[in-house]
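Novice: just need the structure, nothing else, for what follows:
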Amino acid sequence: MEKKRCSWANPANPLYLEYHDTEWGVPCHDERRLFEMLNLEGAQAGLSWETILNKRENYRQAFDQWDARKIAAYGTEKVAELLANPGIVRNRLKVAAAITNAQAYLRLVEGGGSLDELMWSYVGGKPIANGKGPRPAKTELSDRISRDLGKLGFKFVGSTIIYAYMQGVGLVNDHDPDCFCRKARK
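Specialist: Purely as a prediction, here's the structure:
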């Protein structure tokens, strides 16, 4: 018998199914992955997550495995290289946002913080399990996190982007009620 999954999980794309089954909604405390996902969700703006997911390995290579120290130091030559890279979304604002985000992230870390600590503080260290009904595009909490990240200097962190981020890194469990992952993420 085939596993029951969320309605959005594209069965024609094995990469997407693996993402749904093993990552989406799984509580993440890994700093590099939290930083990566924040930038990838920003790169998704105006596009589908599947598009970004299909390019994720290219992003990892292009952005030095999401090493914030290296990214924060990117200059015009590296930006030109990124904008010429067909393996990523070649949007000047999104590339610039990744560099700005690396700089904001380093300020956060140098101040004694972390994305893990910051993000999980918003949910009391425990994922929010939403009930039945349609998934929201944003919430009051994503509005607040978006504003707070903006104040810290992060870019491409609008409320809708942040809600998708919350889902992706497991701050929220939005798996369909009958999805096999919903029970596994409790």
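
Novice: tell me which helix or strand the residue nearest the centre of the chain sits in.
Specialist: For the chain, the residue nearest the mean C-alpha position is residue 37 (2.8 Å; Cα atoms, centre = their mean). Using DSSP states H and E, the element containing residue 37 is helix 31-44.

Novice: ditto for residue 147
Specialist: Residue 147 belongs to helix 140-151, assigned by DSSP H and E.

Novice: between helix 31-44 and that helix, find me the angle.
Specialist: When axes from the mean of the first three to the mean of the last three Cα atoms, to 10 degrees is applied, the directions of helix 140-151 and helix 31-44 differ by 100 degrees.

Novice: and helix 140-151, what does it pack against?
Specialist: helix 159-168 (3 or more Cβ pairs under 8 Å, 6 or more residues apart in numbering; DSSP states H and E). For every residue, glycine as well, the C-beta is placed using N, CA and C.

Novice: show the average pLDDT along the helix it packs on.
Specialist: Averaging pLDDT along helix 159-168 yields 98.

Novice: gap between residue 117 and residue 29?
Specialist: Residue 117 sits 9 Å away from residue 29, going by Cβ to Cβ, to the nearest Å.

Novice: cool, residue 14 as well?
Specialist: In terms of Cβ to Cβ, residue 14 sits 27 Å off from residue 29.

Novice: of those two, who's got more company?
Specialist: A direct count of neighbours by other Cβ atoms under 10 Å for residue 14 and residue 29 places residue 29 higher, at 15 against 9.

Novice: contacting residues for that one?
Specialist: Residues counted as contacts of residue 29 (Cβ atoms under 8 Å, 6 or more residues apart in numbering) are 116, 120.

Novice: going forward, count from 59.
Specialist: Sure thing, new numbering starts at 59, so read that last one as residue 87.

Novice: find the helix or strand that it is a member of.
Specialist: Following DSSP H and E, there is no helix or strand that holds residue 87.

Novice: and it, what's its pLDDT?
Specialist: So, for residue 87, pLDDT stands at 98.

Novice: following the longest helix along the chain, which helix or strand comes up?
Specialist: Under DSSP state H, the helix in the chain containing the largest number of residues is helix 150-168. Per DSSP H and E, the first helix or strand lying C-terminal to helix 150-168 is helix 173-179.
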